[in-house]
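Chemist: I would like to see how this sequence folds:
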Amino acid sequence: MAGPLDSAHVVTKIPCRDLDRARRFYRDRLGLEAVEEREGGLRYLCGRTEFHLFLSSGNASGTATQMGFEVDDLDRVVAELRARGVEFEEVDVPGFKVEGEIVTVPGNYPSKGRGERGAFFRDSEGNLLALGQATS
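Modeler: Predicted coordinates for the structure are as follows:
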C-alpha cells in the first residue's frame with residue numbers, strides 16, 4: 001500500500017550548540033564542505049543524500065547513533081579519518097565480534113549483504129555518528 005511519504009526525500013537533522021565549531025569539525029575532520037548556509041544552519045550533500053546541521057540550545061544525548069555513513073571500504077575510511085584527528089569510540093556489544101574500534105554485526109538487510117562492519121565516533125557537539133560497510 002502506498003503511503004503519503006513513499007516518494008519523500010529524507011534529510012537527517014543534527015543539532016549543534018556551536019555552529020562554527022561544528023563547521024570546522026565537519027570540514028577539517030570529515031572533509032565535508034557545506035553546500036548551502038542560512039542563519040543557524042548548514043546544508044551538506046553526501047552522494048544522493050543530504051544532512052543539515054542546525055543551531056540548537058539542546059544537548060546531544062550521544063546515547064544512540066544519529067547519522068550513519070555507508071562506505072565501500074571501512075578500513076580505509078577509518079584510517080583516513082583517524083589521520084584527520086577523528087577519535088573512534090571503543091565498543092563493547094555482547095554477542096558481536098569487536099576488533100579494536102570495529103564491530104562486526106551478523107545479519108543485515110538481505111539486499112545489502114550478509115552482515116555489516118561498523119565504527120562509531122562523536123562530532124564536535126557530542127552527536128554519535130557511525131560508519132558502516134555491508135559484508136557479503
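
Chemist: And the strands in the chain, which stretches?
Modeler: Along the chain, counting by DSSP state E, strands occupy 12-16, 36-38, 41-46, 49-55, 65-70, 97-99, 102-106, 115-122, 128-135.

Chemist: would JSON lines of the ones you listed with distance to residue 88 be doable?
Modeler: The way it works is simple: take the backbone N, C-alpha and C, and place the C-beta from them, glycine included. As requested, those are arranged in JSON lines below (distance: least, Cβ to Cβ, whole Å):
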{"stretch": "strand 12-16", "distance to residue 88": "18"}
{"stretch": "strand 36-38", "distance to residue 88": "29"}
{"stretch": "strand 41-46", "distance to residue 88": "19"}
{"stretch": "strand 49-55", "distance to residue 88": "20"}
{"stretch": "strand 65-70", "distance to residue 88": "13"}
{"stretch": "strand 97-99", "distance to residue 88": "12"}
{"stretch": "strand 102-106", "distance to residue 88": "9"}
{"stretch": "strand 115-122", "distance to residue 88": "5"}
{"stretch": "strand 128-135", "distance to residue 88": "9"}
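
Chemist: Out of those, flag the one nearest residue 76.
Modeler: strand 128-135 (9.8 Å; Cβ to Cβ).

Chemist: What ranges in this structure fall below the confidence cut-off?
Modeler: Regions of the chain meeting the criterion pLDDT under 70 are absent.

Chemist: follow-up on the earlier one: select, out of the strands of the chain, the one closest to residue 78.
Modeler: Using Cβ to Cβ, the strands of the chain put strand 115-122 closest to residue 78, at 5.3 Å.

Chemist: who touches that closest one?
Modeler: Contact partners of strand 115-122, identified using Cβ atoms under 8 Å, 6 or more residues apart in numbering, comprise 62, 65, 68, 74, 78, 81, 86-89, 91, 101-108, 128-135.

Chemist: Make a markdown table out of the strands of the chain and add mean neighbour count.
Modeler: Converted to a markdown table, the strands of the chain look like this (neighbours: other Cβ atoms under 10 Å):
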| stretch | mean neighbour count |
| --- | --- |
| strand 12-16 | 18 |
| strand 36-38 | 11 |
| strand 41-46 | 17 |
| strand 49-55 | 17 |
| strand 65-70 | 16 |
| strand 97-99 | 11 |
| strand 102-106 | 16 |
| strand 115-122 | 20 |
| strand 128-135 | 19 |
